[in-house]
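Q: Here is a sequence together with a model predicted from it:
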Amino acid sequence: MRGGSGGGRRTRAAAPARRRGPVGWLLGLLAALVRAVLGAVWAVGWRAAVLGGLILGGAVAWQAARLPPATELVDGRARGSVTLLDRHGEPFAWRGDQFGGMVTADSVSPHLRNAVIATEDRRFWWHPGLDPQGIAGAIRINLSAGRGAFEGHGGSTITQQTAKLLCIGRPFDPERWADEAAYEADCRRTSLWRKAEEAIYALAMELRYSKEEILTIYLNRAYLGAGTRGFEAAARRYFDKGAAEVNPAEAAMLAGLLRAPSTYAPTANLARSQDRARIVVGLMEEQGYLTAAQAEEARANPARLSPRASARSGGAFADWVMDTGPEFFTSGTTEDVIIRTTLDPRIQRAAETALRTVFETRVRAGSQAQAAIVVMSADGAVRAMVGGREDGAGRFNRATMALRQTGSAFKPFVFAAALDLGLDPEDRVDDTPLCMTIAGSGQWCPENYDRTFKGRITLTQALAESRNIPAVLLSEQVGRDRVRAVAEGFGLRGDLALGPALALGASESTLLRMTAAYAGILNGGSAVAPYGLVELSLLGDEQPVMGVGGGIRDRVISERAAQELVWMMWRVVEEGTGGRARIPGWQIAGKTGTTQAARDAWFIGFSADYVTGVWMGYDDNTPLTGVTGGGLPAEIWRETMVRVLEDIPPRPLPMTPPRGTPGGFVDPGGLLADGTGEPFRGTGDPAVDAALEAAFGPLTTDPALDAALESAFGPPEGAAPPPRPARDAAQDAVLDALISILSGQ
């Protein structure tokens with residue numbers, strides 16, 4: 001047997017080495033290079049990540065250390081608020097930034113808290129301030145819509161939105177920003193760098209505050225339309241209740257405002273706000289905050305505005321009051337201000353309803369004609385103001401801003417000047433063709449509206465029929481300077497016409513000034529400064545900062561002249577161009593006005609209680625078609641005043657009649673009135689009327705006649721001059737006998 005060394009174990013021969021080709025060498029080289037790069041990246045990357053994390057953490061910690069207590073951030077308004085109260089002390093309008101007081105995440109209605117979270121940040125309670133899932137979803141939506149990654153949906157958490165509301169900790173600086181609007185626009189600016197700053201600030205807030213504190217800041221700082229800051233102010237503004245009291249439907253509507261406050265504000269468009277609320281209700285149901293039954297109830301009974309919020313009255317009036325007050329207490333206030341005003345909500349509704357009624361029933365559909373209304377007391381206190389057919393805050397106010405030619409509505413000031421110089425309403429003036437040579441303009445030949453002439457007529461008839469030629473002649477007789485002085489005294493300051501056309505209302509004025517000038521006629525001849533502000537005070541202060549800025553001013557014409565003019569203007573309504581303004585049972589005085597080419601139409605008139613002015617025309621001065629001051633403006637006036645005077649006892653106008661009228665003896669006090677309440681105007685026989693007047697003089701001043709009437713009919717009842725009840729047969733017989741004796745029958 002053959003043995004051998006090596007222990008009998010056999011080995012496999014080694015395989016020959018494989019040679020690499022050029023491709024193999026190249027692939028190996030690339031693999032080595034990739035490994036080297038990745039290694040270098042890793043070596044640098046983890047160190048950079050650690051360094052970046054340390055820097056981010058340091059920035060977050062530094063920012064968190066600088067944050068104040070959460071309670072100091074709930075009211076960061078750059079400007080204050082103004083609340084306007086009507087004459088009864090009830091709020092009707094708000095301006096500036098309204099803040100209803102601090103609420104907390106625990107004190108508001110649970111429905112409101114849940115609605116906000118369901119709508120704005122469903123993962124609020126779990127994320128650390130940033131929500132990568134939400135950001136990724138927002139980027140996907142933006143890109144699919146063809147927008148930039150960060151344009152449109154932002155995927156921001158409530159914490160990030162709060163950081164934006166706080167302008168990442170930068171307070172308003174008047175030296176850096178021109179105004180609060182510029183400041184807020186800068187705070188809302190979106191860029192990649194700003195997003196990074198907001199992210200750091202949001203993380204710092206999460207580090208410094210609890211979730212409840214962050215939500216509290218958000219609930220108090222969010223803008224919710226109509227000038228409201230915070231959910232307490234919004235709940236009171238829209239629903240007249242606190243944020244703790246809102247139901248699911250109201251909570252959904254409030255939370256829905258966060259997307260676009262001005263667009264979804266229920267005071268701007270209730271239906272749109274309700275549609276948005278339905279979406280929020282669906283989100284609340286989907287996330288388990290509402291049961292199916294609760295959600296169905298909220299959808300079936302959507303939130304509605306409170307009666308006060310839905311009224312939205314006095315928008316133009318509120319703007320005017322804000323303009324008349326000092327800026328540092330109104331539009332520029334940094335305090336919370338309360339302004340008590342003269343507005344009467346009942347009268348405001350009457351004016352708004354009247355304007356709407358006439359335009360709906362008497363004006364063709366699609367007409368762009370406009371109108372404005374002012375109602376005031378005789379001392380200038382403005383009780384209502386409608387600035388146009390779509391009256392509201394921030395709109396063009398035709399009652400105070402529009403300068404328009406006054407036309408024949410100016411004529412009472414011509415007659416006021418004449419009466420103040422001693423002329424009598426029954427004095428006569430020519431109504432005959434007239435031509436005048438105007439220096440630099442040539443011949444001017446005014447015409448009456450009806451292109452006819454009446455010859456010699458009384459001043460009363462001239463005003464009642466709004467005759468142009470008598471007005472011009474009267475103005476020339478008393479002197480244009482005197483007419484101009486009377487008009488300016490009553491408040492019609494400005495560029496009053498210099499030529500004879502002054503008498504025909506060639507000058508311009510606002511409706512507010514014209515109405516105030518007529519108030520001066522009603523109050524006995526003293527000018528008034530129209531006013532709406534009664535008292536201005538700071539919230540919480542007992543003493544007001546300022547009081548009434550208007551009221552009765554200096555006397556312009558004598559009381560006698562004013563009362564005679566009132567009588568003449570009463571005749572304008574009773575038998576002249578103002579007939580459509582008559583209200584049964586009331587003494588009404590006024591004057592119509594129509595300008596050249598009917599570009600403006602006016603009716604301004606008064607009862608013993610209120611003066612009301614109406615203007616109608618087009619904003620672009622297009623002529624009105626078939627409209628004069630005695631037409632639609634008088635009808636708007638009547639529709640307004642019928643509502644204003646409802647349930648008010650009639651009072652006689654403060655007027656003094658002339659000694660007689662062309663028709664005979666006048667009994668303006670109504671002592672000889674029959675059962676209809678119409679005054680006794682004479683027998684129709686001039687001889688008898690003259691005898692009555694010669695024997696007794698004016699009824700209101702002659703003691704002999706008063707004694708005779710009292711002996712025949714008994715003492716008059718009530719304040720002088722009292723209306724007399726219907727006469728019985730015996731009294732009629734006595735009066736007939738007296739007339740027969742005087743007439744020689």
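A: Arrived safely.

Q: Neighbours of the closest residue to V556 other than its chain neighbours, how many?
A: Leaving out its chain neighbours, the residue that sits closest to V556 by C-beta to C-beta, 6 or more residues apart in numbering is G489, at 3.7 Å. All C-beta spots, glycine's among them, are computed from the backbone N, C-alpha and C. Using other C-beta atoms under 10 Å, G489 has 22 other residues around it.

Q: How much space separates G489 from L496?
A: G489 is 12 Å from L496, where distance means C-beta to C-beta, to the nearest Å.

Q: Once you drop chain neighbours, what's closest to L538?
A: Spatial nearest neighbour of L538, chain neighbours left out: E335 (5.3 Å); criterion: C-beta to C-beta, 6+ apart.

Q: Touching, that neighbour and F329? I think so.
A: Yes - contact criterion C-beta atoms under 8 Å: E335 and F329 qualify, at 7.4 Å.

Q: Those two: which has the busier surroundings?
A: Just comparing E335 and F329: by other C-beta under 10 Å the higher neighbour count belongs to F329, 20 against 16.

Q: gap between the host helix or strand of R340 and the chain center?
A: In the assignment (DSSP states H and E), R340 maps to strand 337-341. Relative to the chain's own centre, strand 337-341 is displaced by 15 Å; criterion: C-alpha atoms, centre = their mean, to the nearest Å.

Q: That one - which strands sit beside it in the sheet, and in what orientation?
A: strand 81-85 (parallel), strand 533-538 (antiparallel) (DSSP bridges).

Q: Just the CA trace of that strand, in PDB.
A: The C-alpha trace of strand 337-341 is given here as PDB (Å, rounded to 0.1, in the frame of the first residue of the first chain):
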ATOM      1  CA  VAL A 337     -65.200 105.700  21.500                       C
ATOM      2  CA  ILE A 338     -69.000 105.900  22.100                       C
ATOM      3  CA  ILE A 339     -70.900 108.500  20.100                       C
ATOM      4  CA  ARG A 340     -74.500 109.300  21.000                       C
ATOM      5  CA  THR A 341     -76.300 110.700  17.900                       C
END
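
Q: just to revisit the earlier point, how about the residue nearest to V556, what does it touch?
A: Neighbour list for G489: 527, 554, 556-557 [criterion: C-beta atoms under 8 Å, 6 or more residues apart in numbering].

Q: quick one: which of those residues sit in helices?
A: When these are checked against helices (DSSP state H), there are no matches.

Q: Of those residues, which is the nearest to L421?
A: Within these, proximity to L421 (C-beta to C-beta) peaks at I557, which comes in at 9.5 Å.

Q: Torsion angles phi and psi at the closest one?
A: phi -130, psi 170 (degrees, to the nearest 10).

Q: Number of residues surrounding it?
A: When neighbours are counted by other C-beta under 10 Å, I557 registers 24.

Q: and the gap between it and M376?
A: Look at I557 and M376: by C-beta to C-beta, they are 19 Å apart.

Q: Now do the host helix or strand of A418: which elements does it pack against?
A: Applying DSSP H and E as the criterion places A418 in helix 411-420. The contact analysis (3 or more C-beta pairs under 8 Å, 6 or more residues apart in numbering; DSSP states H and E) places helix 411-420 against helix 459-464, helix 468-478, helix 480-489, helix 511-522, helix 559-575, strand 589-594.

Q: Could you identify the helix or strand that succeeds it?
A: Going down the chain from helix 411-420, the next helix or strand is strand 428-431, by DSSP H and E.

Q: for the following helix or strand past that following strand, packing partners?
A: Counting by DSSP H and E, the element after strand 428-431 in chain order, helix or strand, is strand 436-438. Counting contacts by 3+ C-beta pairs under 8 Å, 6+ apart, strand 436-438 packs against strand 442-444.

Q: for the strand it packs on, what is the average pLDDT?
A: Taken as a whole, strand 442-444 has an average pLDDT of 88.

Q: Same question for the closest residue to T267 other than its chain neighbours, what's its three-state structure.
A: Nearest non-adjacent residue to T267, counting by C-beta to C-beta, 6+ apart: A226, 5.1 Å away. Following DSSP: H, G, I helix; E, B strand; the rest coil, A226 is assigned to coil.

Q: just T333 next, same as before
A: Following three-state DSSP, the label given to T333 is coil.

Q: What's the local residue count around it?
A: By other C-beta under 10 Å, 21 other residues sit near T333.

Q: and the helix or strand harbouring E198, how far out from the chain's middle?
A: Under the criterion of DSSP H and E, E198 resides in helix 192-208. Here helix 192-208 shows a centroid-to-chain-centroid distance of 41 Å under the convention C-alpha atoms, centre = their mean.

Q: Which SSE is immediately downstream of that helix?
A: In N-to-C order, the element after helix 192-208 by DSSP H and E is helix 211-221.

Q: Would you report the backbone torsion angles of the closest residue to N269 other than its chain neighbours?
A: Excluding its sequence neighbours, the residue lying closest to N269 (C-beta to C-beta, 6+ apart) is T263, at 7.8 Å. Dihedral angles of T263 (phi, psi; degrees, to the nearest 10) stand at phi -70, psi -40.

Q: pLDDT score assigned to T263?
A: At T263, the pLDDT recorded in the model is 92.

Q: Kindly report the same for F696.
A: With respect to pLDDT, F696 has a value of 49.

Q: where in the stretch 501-650 of the chain is pLDDT low?
A: Residues of the stretch 501-650 of the chain meeting the criterion pLDDT under 70: none.
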